[in-house]
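Engineer: mind looking at a prediction? Sequence and model below.
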Amino acid sequence: MPFGNTHNNFKLNFKTEEEFPDLSKHNNHMAKLLTPELYGKLRDRQTPSGFTLDDVIQTGVDNPGHPFIMTVGCVAGDEESYEVFKELFDPIISDRHGGYKATDKHKTDMNFENLKGGDDLDPAYVLSSRVRTGRSIKGYSLPPHTSRGERRAIERLSVEALAPLEGEFKGKYYPLKSMTDAEQDALINDHFLFDKPVSPLLTCAGMARDWPDGRGIWHNDDKTFLVWVNEEDHLRVISMQQGGNMREVFRRFCVGLTKIEEVFKNHNHGFMWNEHLGYVLTCPSNLGTGLRGGVHVKLPKLSVHAKFEEILTRLRLQKRGTGGVDTASVGGVFDISNADRLGSSEVAQVQMVVDGVKLMVEMEKKLEKGEAIDSMIPSQK
Amino acid sequence: MASSFTRLISSPRNAAVLASLGAGTLAGGLWLNENSTLIADTKKKLYPPSADFPDLRKHNNCMAKALTPAIYAKLRDKLTPNNWSLDQCIQTGVDNPGHPFIKTVGAVAGDEETYEVFAALFDPIIKDRHGGYDPKTMKHPTDLDSSKLKNGVFDNKYVLSSRVRTGRSIRGLSLPPACSRAERREVERVTVTALSGLKGDLAGQYYSLEGMSDKEQQQLIDDHFLFDKPVSPLLTCAFMARDWPDARGIWHNKDKNFLIWVNEEDHTRVISMEKGGNMKSVFDRFCTGLKQVEHLIQERGWEFMWNERLGYVLTCPSNLGTGLRAGVHVKLPHLSLDARFSKILENLRLQKRGTGGVDTAAVGDTFDISNNDRLGKSEVELVQLLVDGVHYLIECEKKLEKGQEIKVPPFIELFK
């Protein structure tokens, strides 16, 4: 359901300048790129399922800026959004993903064996390793736009797809609507539970509608492979474990996802993917691999070094606090992950994390010994 | 792109039509745009109303009580002339199962026609909320002749302030849950133009939320006039905070006792208030001001949304009829501790709130006391109810001060 702008044809009675949003105080990708001319050109379009330009940009109009990061300011309501509103999404994608062109092709590589190393990150420094991505199921609208019927169908299909998994992937689904207090406490203690979004970036995009209907969490018995259903994307898939064996985390990630994709394909609802944008997800920032591979790593000395930010930039990595996005670091422990999503493969992005973190741990050790690290500073990757 | 839809469609004719489009072309997107009813029809078949019916088992609001699968099935695919849908009306009630202090309504109107097109849902909600008022058979009386008010002055020792508020919607423009930016800006233009025509003690100035200076903002905060971006999920889930603060603002007269909010929860909220217990003066100014504003918009070819069934049409069904809340801040240190306080209020058809307004608890012994009812009784009748009721409460307070006995008054019927 488009959530506040159904009457698009009615709005066309008003002139473009009367409808154009006031973006004068805004700082997000959408506000940077949406001109009255572009708005005028796109405003009478809608995707086949009825998602309109105003639906796309509402979150960016309602949220002028974010203190820490430059937000995207628009979302897709379905697979076709990226096509129908190309003239807006292409420049935003280019701006967000390092100049990625409308003619570029994205490489997908989910073969974990192509990763070199990654099993020997020092556990004295690397406390935990994690890889996450998102997947959208073909034939359904995306979270900003789904009706309750669609969202429930997505949930049903996802539960069906996850149920037959065996071995290390044998697990259980916990719908948010009906979990017991005991189940809820356990999921909170495991840091698995996701809650109703409070961030206005998400609520203004209509993603919290009908909460908690159709939402839930699936995880395997070992608690190392986790799937969120109908949060910010149809599926968010997470592989994680304590310690520094990123190779194992990535292996499980690739194997698990491949198995799940098989089941969806057999139901005639494969994942949304194309050779230009890779995996299609709700937020343009997650196009391509949708992959964030990261570690929680102790870097108390390196993190206060003058060149820390520069090193991260050159390694194509980003830092976050251990609470995730929007948090600060605690006790010198940082969440370090890949900055890129589109234009390089899964293997390439995890490789950057593995190589980059290895280097930074070595730098940390050098700094502990009072030695300089200038010769180790890498060139721009 | 076409392939995903050929799977959705069972009819061979439709499948052939879409398969001929080819994948991922802009032209394909536009072509489908012209025939988007094809997709809408397909979705309707794939997802019958039963698939979309909300899970309201843990809900406690008027909408959840009134919405049956049969009503939902009848109304789901209908649209108002502005293309506003049932799902959009009820989204706030689905997203907000209940409120700790009050039974919420759980549905909003997107335009004037909502109350007609979705009458099968809104009529029972209205009946539930407004003491049995039946929009199918009853008529709402409007009476803004403040000269009819009797005994409208209270003892200032007890009543600290008096206030009357209502809302007005501009006919022809969508309501806050549904309005586009252009419509909202038009509401602002129409209202501000009209207000600039007010003279004498009603002459005043408009402060747009977007354009006010820091100094103006601080002054409005100090005067307790400034409204902020809604944080209540009851409002945000009803899409009322979109595009904030575009086209929102506050107008008030020089004396700061007549105040209008533009594009908050309704097109306009009109407030008359002053310190002390002179409700008569407050109501006089309220009625005069409202009539003058109405006259000024009519001069330019606009009018307020109003009809015989529902009175003044506003966003929330709870404000239909008069949309009027008349109230006082009153000190009742003895009465508020009496076990019969709630019953007395109930029988007088009054409600208590904290002095921060709805959703707040009382601080100390000062209460916000106002009328419960909005629809089925006129403005004069409701303000009279409030006036009579507050006099009774003050009498009780005085009696308790002297250690005398008080009585619970008989229950006042709304409709005889």
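Structural biologist: Happy to help now that I have it.
Engineer: thought residue A:210 was touching residue A:148?
Structural biologist: Yes - using C-beta atoms under 8 Å, residue A:210 makes contact with residue A:148 at a distance of 5.4 Å. From N, CA and C alone the C-beta is placed, and that goes for glycine too.
Engineer: pull up the overlap in contacts between those two.
Structural biologist: residue B:54 (C-beta atoms under 8 Å, 6 or more residues apart in numbering or on different chains).
Engineer: shaky segments in the stretch 1-150 of chain A?
Structural biologist: A:1-7, A:67-68 (pLDDT under 70).
Engineer: how does it look with 50?
Structural biologist: When residues are selected by pLDDT under 50, those of the stretch 1-150 of chain A lie in A:1-5.
Engineer: per-residue confidence for the most centrally placed residue in chain B?
Structural biologist: Nearest to the geometric centre of chain B sits residue B:316, at 3.8 Å (C-alpha atoms, centre = their mean). Listed pLDDT for residue B:316 reads 98.
Engineer: who's in contact with it?
Structural biologist: Counting by C-beta under 8 Å, 6+ apart, residue B:316 makes contact with B:105, B:108, B:109, B:265.
Engineer: identify, from the residues you listed, the entry nearest to chain A.
Structural biologist: Nearest to chain A among those: residue B:108, at 11.4 Å, using C-beta to the nearest C-beta.
Engineer: that closest one belongs to a strand?
Structural biologist: No - with DSSP: H, G, I helix; E, B strand; the rest coil as the criterion, residue B:108 is located in coil rather than a strand.
Engineer: from what I can see residue B:397 touches residue B:158, true?
Structural biologist: Yes - using C-beta under 8 Å, residue B:397 is in contact with residue B:158, at 6.5 Å.
Engineer: quick one: common contacting residues for those two?
Structural biologist: For the pair residue B:397 and residue B:158, residues contacting each of them under the criterion C-beta under 8 Å, 6+ apart are B:331, B:332.
Engineer: so these two - more neighbours on which side?
Structural biologist: It is residue B:397, of residue B:397 and residue B:158, that has more neighbours when counted by other C-beta atoms under 10 Å in any protein chain shown, with 22 against 19.
Engineer: from residue B:286, how far out is that one?
Structural biologist: When C-beta to C-beta, to the nearest Å is the yardstick, residue B:397 and residue B:286 sit 26 Å from each other.
Engineer: can you check residue B:210 too?
Structural biologist: Using C-beta to C-beta, we find residue B:210 at a distance of 28 Å from residue B:286.
Engineer: for those two, indicate the residue with more neighbours.
Structural biologist: residue B:286 (27 against 14).
Engineer: longest strand in the chain, by number of residues?
Structural biologist: Went with chain A since none was named. Of all the segments of type strand in chain A, defined by DSSP state E, the longest one is strand A:126-135.
Engineer: not quite, go with chain B.
Structural biologist: Longest among the strand segments of chain B by residue count, using DSSP E, is strand B:159-168.
Engineer: let me see the mean pLDDT of that one.
Structural biologist: 97.
Engineer: which element follows that strand toward the C-terminus?
Structural biologist: Proceeding C-terminally, strand B:159-168 gives way to helix B:181-195 as the next helix or strand, assigned by DSSP states H and E.
Engineer: export that next one to CSV, keeping only CA atoms.
Structural biologist: The C-alpha coordinates for helix B:181-195 follow below in CSV (Å, rounded to 0.1, in the frame of the first residue of the first chain):
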residue,chain,number,x,y,z
ARG,B,181,2.2,19.5,-0.2
ALA,B,182,0.3,21.7,-2.6
GLU,B,183,-3.0,21.2,-0.8
ARG,B,184,-1.4,21.8,2.5
ARG,B,185,0.1,25.0,1.3
GLU,B,186,-3.3,26.0,-0.1
VAL,B,187,-4.9,25.5,3.3
GLU,B,188,-2.2,27.8,4.8
ARG,B,189,-2.8,30.4,2.1
VAL,B,190,-6.6,30.4,2.4
THR,B,191,-6.4,30.6,6.2
VAL,B,192,-3.7,33.2,6.5
THR,B,193,-5.4,35.4,3.9
ALA,B,194,-8.6,35.2,5.8
LEU,B,195,-7.0,35.9,9.2
